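Chemist: predicted structure and sequence below. I'll ask about it afterward.
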Amino acid sequence: MLTIRCAKCKTKLFKYKKIGQGQVLRCYKDRIEPLEMIIKNGSLLCVCKNVVGIEMDSHFKMKTHQFIYTGRKENS
C-alpha cells in the first residue's frame with residue numbers, strides 16, 4: 001500500500017494499492033482510500049491547490065513531479 005503525498009506541502013492525499021513494480025503513472029479509482037484529496041473540475045488537487053493528477057474515466061493520470069509516495073508496491 002502506497003501513501004501518496006503532495007510534493008509541495010507534503011500533505012497525505014490518499015492511500016493507493018499499487019500492483020506491479022512500475023512507476024505510478026495512473027491511480028485507479030477503485031484502489032484509492034481518500035484522505036485529504038480534492039476533486040474539482042476534472043483535476044485531483046491537494047489542499048494547497050497543487051494539481052497532482054487529471055481525472056479520466058476509471059483512473060487519475062498522475063503528474064509525475066507533483067507528488068511523492070512511500071510504502072510498498074505489491075507483486076502481481
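Modeler: Noted; the coordinates are in hand.
Chemist: which residues in the chain form strands?
Modeler: Listed in chain order, the strands of the chain (DSSP state E) span residues 2-6, 12-16, 26-28, 32-34, 38-40, 43-45, 51-55, 59-62, 67-71.
Chemist: contacts for the second one, please.
Modeler: Under the contact criterion CB atoms under 8 Å, 6 or more residues apart in numbering, strand 12-16 has outside partners 1-6, 24, 27, 31-37, 44, 46, 52, 67, 69, 71. Placement of C-beta: from N, CA and C, glycine included.
Chemist: could I have stretch 22-36 exported to CSV, CA atoms only?
Modeler: Extracted as CSV, the C-alpha positions of stretch 22-36 are listed here (Å, rounded to 0.1, in the frame of the first residue of the first chain):
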residue,chain,number,x,y,z
GLY,A,22,6.3,0.0,-12.5
GLN,A,23,6.1,3.8,-12.0
VAL,A,24,3.0,5.4,-10.6
LEU,A,25,1.6,6.9,-13.8
ARG,A,26,-2.1,6.1,-13.2
CYS,A,27,-4.1,5.6,-10.0
TYR,A,28,-7.3,3.6,-10.5
LYS,A,29,-10.3,4.9,-8.5
ASP,A,30,-11.3,1.6,-7.1
ARG,A,31,-7.9,1.1,-5.4
ILE,A,32,-7.9,4.6,-3.7
GLU,A,33,-8.6,5.2,0.0
PRO,A,34,-9.1,9.0,0.2
LEU,A,35,-7.6,11.1,3.0
GLU,A,36,-7.2,14.8,2.0
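Chemist: how about Cys9, nearest residue that isn't a chain neighbour?
Modeler: Of all residues not flanking Cys9 in the chain, Cys48 sits nearest, at 4.4 Å (CB to CB, 6 or more residues apart in numbering).
Chemist: related to what we said a few turns ago, may I see the strands of the chain organised as CSV, with mean neighbour count and mean pLDDT added?
Modeler: CSV is the format used below for the strands of the chain (neighbours: other CB atoms under 10 Å; pLDDT from 0 to 100):
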stretch, mean neighbour count, mean pLDDT
strand 2-6, 20, 96
strand 12-16, 19, 96
strand 26-28, 17, 96
strand 32-34, 13, 95
strand 38-40, 12, 94
strand 43-45, 19, 95
strand 51-55, 18, 96
strand 59-62, 18, 96
strand 67-71, 15, 95
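Chemist: before I go, just wanted to say thanks for your time.
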